[in-house]
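3D, please:
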Amino acid sequence: GKSTNMMGRDTMRPRRTIVVVAVVTALTNATGIGVLVISPAIRRVLDLRADAFGLLLSVGLGFGILGSLASGWLADRGYLKASFGAAFGILVASYAVCMLPASYPVYLLALACAGLANSGALTLANVTAARAFPDGSRKALTGIMLAHSIGGVVAAPLWQMLFEIFGTRFPTESALQLVFLAAACVCATAGALFFAFPLPTQLAGRKTPAAAEPGDRASLWGLPLVVVCAFAALQAGAYNSVFGWIPDFATRTFAPNPFPVSWILSGISLSYVIGRLILLRLPERLPDLRIVFVCAGTGALLFGAAFGSTSQYSMGILCVVGGLVLSADWPSIFSHTARLFPVHAGKAIAMAGASAGVMSFVLPPFMGFIAEQTGSLRAGMMVPPLLFGVLSVSALSWERYLRRARKHPLNTES
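From the prediction side, this is the model:
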């Protein structure tokens, strides 16, 4: 009787589990936002060129490829909980290393490891959501990303404030070290919170393949995987590059700044909160690809106008509105991925996340290279809006392809 009651309680925990993983990964994500907020000071202390600085911004996203792939594979092998624990440990160690005397190799290595752990934790959270709600996970995925956005709203101005407080009392390098100490403490708190609420057994264990229902795509390898990986790469690569470069771009383009640049990051995060609250109200049956098409196309126009603006106020407003419409894309891409691969959701989500990491690693240094070659950072900032446009067209094309494939299934078997 007691074991039956325990099993009954165990199966009733998916929503609580989603809340826990959402909160802890939002906390770790907030530390990544802290790095972005202090990144102009890091560039000043190390006296970096634009392309070297772009590499520092992207190295964590690049190593996130490994974190995403490894965590997805480990989750399917039954190591979901242990992988979460490893991610928290790596984050604490990475930020602790940043308390050493400032040097480019130290920051590069530490931020690479932090990016690996952060991407791994987010992939694990997405896999948890896909397992907890196998019949439709877009709302659970949106809830996790909503928590990330709420954390970003609060994190950007708090990190800015904390850095300014330290900066008035200590040299810039010491202020940076104290901010990294605070980041390590936040990650340690997230780890303690996670282990205070054990994962349900059916979510934490090894994933056993289920028989695919008629119409499901049980095979992992093929054109669908290529497409969702491309979608993830375009969306995350462009968005992460924009978010990473905004502090330095605004600081240099609109100096003196009429308002703190961290407000723009906070505003974009707030727009993500609002956008994903709206997305939570939309029915699961609303086509994911239609959402991606409309939002990516609109985002391309808004961010293109933002980075061509001559006013920081105009740029801030356009970026916030752009963030609002783009907030629907990432959960919709992952929801579409989960629908395409009901058996291999962990691996498919991990590979999509890894593809996002590849683009996120390549794009920021490329934007810096464009800036160095043209003498204008605006030219580099126009690359992400172009990629959003490509994503929009690609989503529409893929939707039409799938519609034709459903009407003529024999054509897809040759």
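
State the three-state secondary structure for residue 85.
Using DSSP: H, G, I helix; E, B strand; the rest coil, the structure places residue 85 in helix.

for residue 256, same thing?
Following three-state DSSP, the label given to residue 256 is coil.

Can you get me a residue count around it?
Number of residues near residue 256 (other Cβ atoms under 10 Å) recorded here: 6. (Each C-beta comes from the backbone N, C-alpha and C, glycine too.)

Equivalent analysis for the one 4 residues further on, please.
Neighbour count for residue 260, taken as other Cβ under 10 Å: 18.

and it, what does it touch?
Shown in contact with residue 260 (Cβ atoms under 8 Å, 6 or more residues apart in numbering): 157, 160.

tell me what whichever strand or helix holds residue 120 is packed against?
Element membership for residue 120 (DSSP states H and E) is helix 104-132. The contact analysis (3 or more Cβ pairs under 8 Å, 6 or more residues apart in numbering; DSSP states H and E) places helix 104-132 against helix 14-46, helix 50-76, helix 80-97, helix 138-169, helix 201-204, helix 329-340, helix 345-374.

Out of those helices, which is closest to residue 131?
helix 201-204 (5.1 Å; Cβ to Cβ).

Could you tell me the angle between the following helix or strand past that closest one and helix 50-76?
Downstream of helix 201-204, the next assigned helix or strand under DSSP H and E is helix 223-253. Going by axes from the mean of the first three to the mean of the last three Cα atoms, to 10 degrees, helix 223-253 is angled at 140 degrees with respect to helix 50-76.

what about residue 132, how many neighbours?
What residue 132 shows, counting by other Cβ under 10 Å, is a neighbour count of 20.

Nearest residue to it in space, please, no chain neighbours.
Using Cβ to Cβ, 6 or more residues apart in numbering and skipping the chain neighbours, the partner closest in space to residue 132 is residue 14 (3.7 Å).

my guess is the one you found contacts residue 130, does it?
No - contact status for residue 14 versus residue 130: not in contact, 11.1 Å apart, counting by Cβ atoms under 8 Å.

Who has more neighbours out of these two?
Using other Cβ under 10 Å as the criterion, residue 14 and residue 130 rank with residue 130 on top: 25 against 19.

What are the buried residues along stretch 354-373?
354-368, 370-372 (16 or more other Cβ atoms under 10 Å).

for stretch 36-53, same thing?
Within stretch 36-53, the residues scored as buried using 16+ other Cβ under 10 Å are 36-43, 45, 48, 50-53.

what comes into contact with that stretch?
Contact partners of stretch 36-53, identified using Cβ under 8 Å, 6+ apart, comprise 56-57, 102-104, 107, 155-156, 159-160, 163, 167, 172-173, 175-176, 179, 243-244, 247-248, 251, 261-262, 265, 365, 368-369, 371-372, 377, 380.
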